[in-house]
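Student: okay, structure incoming, though there's no sequence with it:
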């Protein structure tokens, strides 16, 4: 049951299959080239269009000797004169008759005070005066 020993001639590759190419490789090559050509054509047709440019003629002018004077400033406005307003009596303000920025005249009523506290204080002072006069 011994098998014949293999010889080197038995290890050859059978090239008879490759001697007659069927042309399948060439078909794939042409299909690939056609695909690349179509891709290039699509890229060419879809490329961004150039933006139209308008050209204007420019001429040199003469520079003026004095630059234009421009002043940019920020700040706030204050009155030239300031007046302090006060009352002879203390009390709660019940009504304001002027607004900020209004022009006023001398003697004009600017606000009204609640007189109820003042009337109570006046009545108390009169009662103390009467009591003091009786005590004499």
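Tutor: Okay, I see it. Since the model is a prediction, treat every value here as computed from it, not as a measurement. Numbers count the residues shown, from 1 in each chain.
Student: when you work out contacts or count neighbours from here on, use the C-alpha atoms and nothing else.
Tutor: Noted.
Student: residue nearest the centroid of this structure?
Tutor: In the chain, the centroid-proximal residue (Cα atoms, centre = their mean) is residue 74; its distance is 22.7 Å.
Student: tell me which element that residue is part of?
Tutor: Per DSSP states H and E: residue 74 is located in neither a helix nor a strand.
Student: residue 80 versus that one, what's the distance?
Tutor: The gap separating residue 74 from residue 80 is 19 Å, by Cα to Cα, to the nearest Å.
Student: how about residue 71?
Tutor: Here residue 71 is placed at a distance of 23 Å from residue 80 (Cα to Cα).
Student: do the same with residue 39
Tutor: For residue 39, the distance to residue 80 (Cα to Cα) stands at 81 Å.
Student: quick one, which of those two is more surrounded?
Tutor: residue 39 (12 against 5; other Cα atoms under 10 Å).
Student: what's the first helix or strand after the longest helix seen in the chain?
Tutor: In the chain, assigned by DSSP state H, the helix with the most residues is helix 24-45. Using DSSP H and E, the next helix or strand after helix 24-45 towards the C-terminus is strand 93-96.
Student: helix or strand right after that next one?
Tutor: Sequence order places strand 111-113 as the next helix or strand after strand 93-96, per DSSP H and E.
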